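Peer 1: Sequence below, structure please.
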Amino acid sequence: QEVDLLPLTETLVRVALKVFQPPVIGALAGLIIASFPRLRGVLENIYGDDVKTAPLKWLFDGIYSVGQAAVPINMTILGINLSSTFQKKKSKPDSVILPNS
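Peer 2: Here you go, the predicted model:
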């Protein structure tokens with residue numbers, strides 16, 4: 001009895017595409033970077049020396065600034081979506097009354 005692996009592979013690829021969305025990938029990348037002190041030391045000064053700075057500190061600062069703006073932007077988008085949904089329901093008539101001919 002032969003096993004067809006194509007449906008299993010397709011299913012695993014579909015699951016992986018749904019699970020590994022950009023926020024999940026970012027969180028996993030952050031966890032991996034934070035787990036290794038030498039790797040973290042490239043982005044952030046973790047030793048307390050003012051003389052020795054992290055070589056990619058500018059990249060960390062840029063990513064941090066974008067991250068600080070993420071929550072307000074998401075709340076604004078959520079508010080716009082809720083508002084447009086409410087206005088669509090409000091403008092749609094519940095029933096149509098036809099005149100007698």
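Peer 1: how near is the most centrally placed residue in the chain to residue 54?
Peer 2: Closest to where the C-alpha atoms of the chain average out (CA atoms, centre = their mean) is residue 23, at 3.1 Å. In this structure, residue 23 and residue 54 are 25 Å apart, going by CB to CB, to the nearest Å. All C-beta spots, glycine's among them, are computed from the backbone N, C-alpha and C.
Peer 1: swap in residue 28?
Peer 2: Residue 28 is 22 Å from residue 54, by CB to CB.
Peer 1: Of those two, which one has the most company?
Peer 2: Ranked by neighbour count (other CB atoms under 10 Å), residue 28 and residue 54 place residue 54 first, with 17 against 11.
Peer 1: tell me the SS of that one?
Peer 2: Assigned state for residue 54: coil (three-state reduction, DSSP: H, G, I helix; E, B strand; the rest coil).
Peer 1: for the closest residue to it other than its chain neighbours, helix, strand, or coil?
Peer 2: Spatial nearest neighbour of residue 54, chain neighbours left out: residue 45 (4.9 Å); criterion: CB to CB, 6 or more residues apart in numbering. Going by three-state DSSP, the secondary structure assigned to residue 45 is coil.
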